[in-house]
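Participant: how would this look folded up:
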Amino acid sequence: YGPGAEEQDLLKRYKISFGQVYMSSPNFPEADRETHLLWPADARIRNLTYGCNLYTDVTVRVVQLDERGNETEQQKEWDYEQEHLGRMPLMILSRFCVLAKASGRELMEQNECIYDQGGYFIINGSEKVIIAQERMSNNDVYCFRRKQPHKYSWVCETRSNQVKGSRATSTMYLQIYAPGKQKANCINANIAHIREEIPVVVVFRALGFVTDKDILSHIVYDLRDEEMLNRFRASLEEAEVIKERNLALDFIGKRGSIENAGRAKRIQYAKLILQKEMLPHVGTEENIETRKAFFLGYTVHKMLMCSLGRAEEDDRDHYGKKRLDLAGVLIRGLFHQLFLRLCKDVRRYIRSCLNEAKNFNITQAIKSRIITDGLKYSLATGNWGDRLTATRAGVSQVLNRLTYAASLSHLRRLNTPLGREGKQAKPRQLHNSHWGMVCPAETPEGHAVGLVKNLALMAYISKESPNIPILEVLTEYGTEGLNETLPSEI
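Facilitator: Residues are numbered from 1 along each chain as shown. Presented below is the predicted three-dimensional model:
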């Protein structure tokens, strides 16, 4: 950063990093400015939000830059301890709740029911429960038949999401043109951030697999299978013109969101898209093309198997392909959105201070109201997301206290986010795979029938677990990586 032309030789970069996060016990600031411990019963009676304060350590570094913008030396560093980040609503009977370790006698002394299961929040004195949201699982390959007449006969989709991090899901679609159409049996791919569909053979060539034999060995596992080879021939003929990797990358780059760029820039842009945006769950590091080619080949192989009638289409209502987002995942996503907004706000404040040559105050820069109000608004109204761009309604609801059984039922409710006015019967019907997981009887009458379900009495939802320990064990026992494996060896 270097405001003023005369100081261009003193370019500086300001780096702000958030460190350790701290959490207080549930409390509330009283009128006398003293902070007192808050009990859930007090929050209900006084119409307060039962929550705790979040604090974080902040480090500000100033780094000197040279003419090319490279960092040369660090000039200054300031550490700020326990800066207030916002208030976080706390789930009743969660690990940090004051009732978590209380005995039956202590619960009665605090006017709490000893049979209360917890699992809900208290927002402005009202008990709110977050309804579990059903979704399709990520990183699986789904093949669906298109209802004719349609230009495609089959569509294959992969919702790709990294296990680590909070990046949005990147979906890749493959389509095979219906027989009798202009491009009969040609397979095209839709990649994120690329405006037009790309022939799948061009994608393989952009990944570095140029010869027809290399491409076929990733897709057709038995090269004596003439029926599958003939079905894929149209795709090879469609990409006949593009025979080199750079031509394929340029072909993809021209159809991207980058405008008025030279050939070298377009090639670099296409490489970045294939590395970062296409199938990110396989990997986003460099030299990942081999693994991505194997996965893409598997996807095309599955599609060809379905197209030839050797494999059935996927059942999108099978419960094994579904995942449930509970309160933790939903609040994490919401917190991520609000934290990004807070970071943008901090950047804007510091930039304005530097433009006016003023010293900035990090406590003033971090507006704790962004996270506090954002979380409270979504839990109070049920509109999940940013106040202006809330995408889902009815995610949080007022806990039903009509009877004890009604409360337990409400805490174990599941919602399928489909349009209620849709007349499709399949998602509403009881499926064989619901056995032991979903109650076959408890569902509302009317427009939400079958879309709002309840967990079975003994059903338990497992947490997502990282795959890194499994990969480490496999590597230790001598499993060969796909990077060093030839398709013919598989």
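Participant: What segments of the stretch 151-300 of the chain are helices?
Facilitator: 200-206, 212-219, 226-238, 245-254, 263-272, 289-307 (DSSP state H, counting those that start in this stretch).
Participant: Turn these into CSV, columns for distance to residue 128 and mean pLDDT.
Facilitator: Glycine gets a C-beta too; all of them are placed from N, C-alpha and C. As requested, the helices of the stretch 151-300 of the chain are exported to CSV (distance: least, C-beta to C-beta, whole Å; pLDDT from 0 to 100):
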stretch, distance to residue 128, mean pLDDT
helix 200-206, 46, 95
helix 212-219, 50, 92
helix 226-238, 52, 92
helix 245-254, 47, 93
helix 263-272, 42, 92
helix 289-307, 41, 93
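Participant: Touching stretch 103-121 from outside, list them.
Facilitator: Residues outside stretch 103-121 that contact it (C-beta atoms under 8 Å, 6 or more residues apart in numbering) are 39-41, 50, 89-94, 97, 99, 102, 127-130, 327, 379, 396, 399, 404, 407-408, 411.
Participant: ok, 6 Å please
Facilitator: Stretch 103-121 is touched from outside by 39, 41, 89, 91, 92, 93, 127, 128, 129, 379, 399, 411, with contacts defined as C-beta atoms under 6 Å, 6 or more residues apart in numbering.
Participant: Who wins on neighbours among those?
Facilitator: Neighbour counts for these (other C-beta atoms under 10 Å) peak at residue 379, which has 26 neighbours.
Participant: who touches it in this structure?
Facilitator: Counting by C-beta under 6 Å, 6+ apart, residue 379 has contacts 89, 121, 123, 128, 396.
Participant: and what of residue 174?
Facilitator: 156, 189, 299, 303.
Participant: Now do the closest residue to it other than its chain neighbours against residue 183, distance only.
Facilitator: Take residue 174 and drop its neighbours on the chain: the residue closest to it by C-beta to C-beta, 6 or more residues apart in numbering is residue 156, 4.1 Å away. From residue 156 across to residue 183, the span is 16 Å (C-beta to C-beta, to the nearest Å).
Participant: Then residue 416?
Facilitator: 36 Å.
Participant: same question, residue 487
Facilitator: Taking C-beta to C-beta, one finds residue 487 at 26 Å from residue 183.
Participant: and if you look at residue 124?
Facilitator: From residue 124 to residue 183 the distance is 58 Å (C-beta to C-beta).
Participant: repeat for residue 152
Facilitator: On the measure of C-beta to C-beta, residue 152 and residue 183 end up 10 Å apart.
Participant: These two: which is more packed in?
Facilitator: residue 152 (18 against 15).
Participant: Who are the contact partners of that one?
Facilitator: Residue 152 sits in contact with 146, 175, where contact means C-beta under 6 Å, 6+ apart.
Participant: again with residue 199
Facilitator: Counting by C-beta under 6 Å, 6+ apart, residue 199 makes contact with 188, 238, 239.
Participant: From those residues, pick the one nearest residue 218.
Facilitator: residue 239 (14.5 Å; C-beta to C-beta).
Participant: Now that closest one: closest residue in space that isn't a chain neighbour?
Facilitator: Nearest to residue 239 is residue 201, by C-beta to C-beta, 6+ apart, at 3.7 Å.
Participant: got the contact list for that neighbour?
Facilitator: Applying C-beta under 6 Å, 6+ apart, the residues near residue 201 are 235, 236, 239.
Participant: Those into JSON lines, with extra columns for distance to residue 472 and neighbour count?
Facilitator: Below are the contacts of residue 201 laid out as JSON lines (distance: C-beta to C-beta, whole Å; neighbours: other C-beta atoms under 10 Å):
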{"residue": "235", "distance to residue 472": "38", "neighbour count": "24"}
{"residue": "236", "distance to residue 472": "39", "neighbour count": "16"}
{"residue": "239", "distance to residue 472": "39", "neighbour count": "21"}
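Participant: Closest one of those to residue 83?
Facilitator: Of the contacts of residue 201, the one sitting nearest to residue 83 (C-beta to C-beta) turns out to be residue 239, at 55.2 Å.
Participant: Where does the prediction get shaky in the chain?
Facilitator: Within the chain, the stretches with pLDDT under 70 are 1-10, 69.
Participant: Pick out the residue closest to the middle of it.
Facilitator: residue 168 (4.2 Å; C-alpha atoms, centre = their mean).
Participant: How much space separates it from residue 192?
Facilitator: From residue 168 over to residue 192 (counting by C-beta to C-beta), the distance is 9 Å.
Participant: quick one: residue 394 from residue 125, how far?
Facilitator: Taking C-beta to C-beta as the measure, residue 394 falls 20 Å from residue 125.
Participant: Residue 302 now?
Facilitator: For residue 302, the distance to residue 125 - C-beta to C-beta - is 53 Å.
Participant: So if I had to pick from these two, which one is more boxed in?
Facilitator: The neighbour comparison of residue 302 against residue 125 (other C-beta under 10 Å) goes to residue 302, with 18 against 14.
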